[in-house]
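*Asks:* next come a sequence and a model predicted from it.
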Amino acid sequence: MAQIKRISDSDVILKLKSGKERKYSRNSVIYDNPKKGDIVRIRKDENGNITISLIKRAKKSHKLLAVILILFSVFAIWLLWPTDSDTSSNNEEITPIPSGLPETVIKTPASADQPIYEDDTIAIYYKGLSEFSDVPDTVYINFIYENKTDNELTLYPTDAVINNTTLQLFAGMTLTMQPHTQTVQSLFSTFANAGISSIDEITTIRLKFTDFEQYTSNEITITAGQ
């Protein structure tokens, strides 16, 4: 299988599963209206003729949804962030949210050094739950991800459930990993969206990770604090 990377009037550039790119004649594409990002199959007959046929259409709407979710995450942080008027009475310095894992870990798993999920694409380590006094009624779910592939990988959380409440988890920035590297990220939700009034009420977390194109993990189940 391969993915259409570029299209011109005469040629189609495919990105193979190995990561290499290859150019074919536009006449080899045997389905109507090919688009960038389409997943296709390449076949060669006994005479050496190449045909390229559609397997799966690119999901452009999902990319737009991902952008909307990122913008909403930034807006949510802006709403929760204390203003100057909130702190002018005591002149205390506002403590920013750290870029790495939060320091105030409330529930730490016993097996944080072992991945809670692993496949040929990614390994995921759960590092516990956190909250900050400067951002009240918000829970942070802390992870370390390892990109096991030879390609850059951008993933988004999807199909998230805390206890029995379905919700959207957010992140401060897009999770993009270079090949064979580890990345730290904290996903967050308000207590209200998670259907809880305290971080101690969280017992289970279920979610998947996807690039909205070719990869979606199996469902990951986390028992909070274990």
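*Replies:* That came through, no problem.

*Asks:* max-length strand in the protein?
*Replies:* Longest strand of the chain, by residue count under DSSP state E: strand 135-147.

*Asks:* in terms of secondary structure, what does that one contact?
*Replies:* helix 60-80, strand 122-132, strand 175-177, strand 182-190, helix 191-194 (3 or more CB pairs under 8 Å, 6 or more residues apart in numbering; DSSP states H and E). Backbone N, C-alpha and C define where each C-beta goes, glycine included.

*Asks:* need the next SSE after it, C-terminal direction.
*Replies:* strand 153-162 (DSSP states H and E).

*Asks:* and that following strand, average pLDDT?
*Replies:* On average, the pLDDT along strand 153-162 is 92.

*Asks:* what angle separates that strand from strand 182-190?
*Replies:* With axes from the mean of the first three to the mean of the last three CA atoms, to 10 degrees defining the directions, strand 153-162 sits at 30 degrees from strand 182-190.

*Asks:* strand 153-162: partners in the sheet, and parallel or antiparallel?
*Replies:* Strand 153-162 sits in its sheet next to strand 165-167 (antiparallel), strand 175-177 (antiparallel), strand 204-210 (antiparallel), going by DSSP bridges.

*Asks:* what's the closest of these to A2?
*Replies:* A2 lies closest, by CB to CB, to one member of the strands paired with strand 153-162: strand 204-210, at 19.8 Å.

*Asks:* would you mark the buried spots in that closest one?
*Replies:* By neighbour count on 16 or more other CB atoms under 10 Å, the buried set for strand 204-210 is 205, 207-210.

*Asks:* and of those residues, the nearest to I144?
*Replies:* Using CB to CB, F209 comes nearest to I144 of the buried residues of strand 204-210, at 13.1 Å.

*Asks:* bridged to that closest one, which residues?
*Replies:* Counting by DSSP bridges, F209 is bridged to P157.

*Asks:* could you pull out the buried residues of stretch 5-21?
*Replies:* Judged by neighbour count using 16+ other CB under 10 Å, the buried positions of stretch 5-21 are 12-15.

*Asks:* stretch 218-226 too?
*Replies:* Buried residues in stretch 218-226, counted by 16+ other CB under 10 Å: 220, 222, 224.

*Asks:* circling back to that earlier point, out of the buried residues of strand 204-210, who's nearest V29?
*Replies:* Nearest to V29 among the buried residues of strand 204-210, with distances taken as CB to CB, is T210, at 26.7 Å.

*Asks:* quick revisit: just give me the least confident of the buried residues of strand 204-210.
*Replies:* Comparing the buried residues of strand 204-210 by pLDDT, T210 comes last, at 90.

*Asks:* mean confidence (pLDDT) on the longest strand of the chain, please.
*Replies:* Average pLDDT, strand 135-147: 90.

*Asks:* brilliant, that's me finished.
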